[in-house]
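Undergrad: Everything below, folded, please.
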Amino acid sequence: VLIDVWWGVVERAAPRSYAWDGYVELIGMCRARGLEAHCVLSFHACGSSVGDGGCAIPLPPWAAAANGDDYFTDARGGQSREYLSLWSDETRARCRGDRSPSECYGEFAERFAERFADDIRDGVITQVIVGLGPCGELRYPSYCARRRWGFPGAGALQC
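TA: The predicted model follows:
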């Protein structure tokens, strides 16, 4: 069973406050039925990319600086709030508990491994994968479906 483990769901309330309850229940169902779980640690938002349908899972509300500097921004000032900019990866901020995005991701993965250690050891969770971003792509955002972009079409560099 492929399971997205959303940063915006688990660590939503506050930095370092992890709510694994729904995932504990889901992994328990896999265990009870003899199914293997492949967990994708998803550090992006869901809901504004091609194929997201009715999904609406934002980043944790505290994850980005209030001024928006942590998001990719295009030449017209439009921001992609699907994930934090690679340029902010090493920037610590009070809003994130004095951590950089990279540190947030690392701690999230460590807490996941601690919480589900028995399930990993027992072979219920057989893979832990780090998600590559919206649509499963490691890419700079260059188009936004919400802004009437259509395929095929030219995008724009965001930085």
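Undergrad: Now that residue 92 has come up, it's in contact with residue 98, right?
TA: Yes - at 5.5 Å, residue 92 counts as touching residue 98 under the criterion of Cβ atoms under 8 Å. C-beta here means a position set from N, CA and C on the backbone, and glycine is covered the same way.
Undergrad: and the next element down the chain from the lengthiest helix in the chain?
TA: Counting residues, the longest helix in the chain under DSSP state H turns out to be helix 101-115. Once the chain leaves helix 101-115, the next helix or strand it forms, by DSSP states H and E, is helix 117-121.
Undergrad: Report the distance from that next one to the chain centre.
TA: From the chain centre to the centre of helix 117-121 is a distance of 22 Å (Cα atoms, centre = their mean, to the nearest Å).
Undergrad: next SSE after that helix?
TA: Beyond helix 117-121 toward the C-terminal end (DSSP H and E), the next one is strand 125-130.
Undergrad: what packs against that following strand?
TA: Counting contacts by 3 or more Cβ pairs under 8 Å, 6 or more residues apart in numbering; DSSP states H and E, the secondary-structure elements packed against strand 125-130 are strand 37-42, helix 101-115.
Undergrad: do that again at 7 Å, thanks
TA: If you count contacts as 3 or more Cβ pairs under 7 Å, 6 or more residues apart in numbering; DSSP states H and E, strand 125-130 packs onto strand 37-42.
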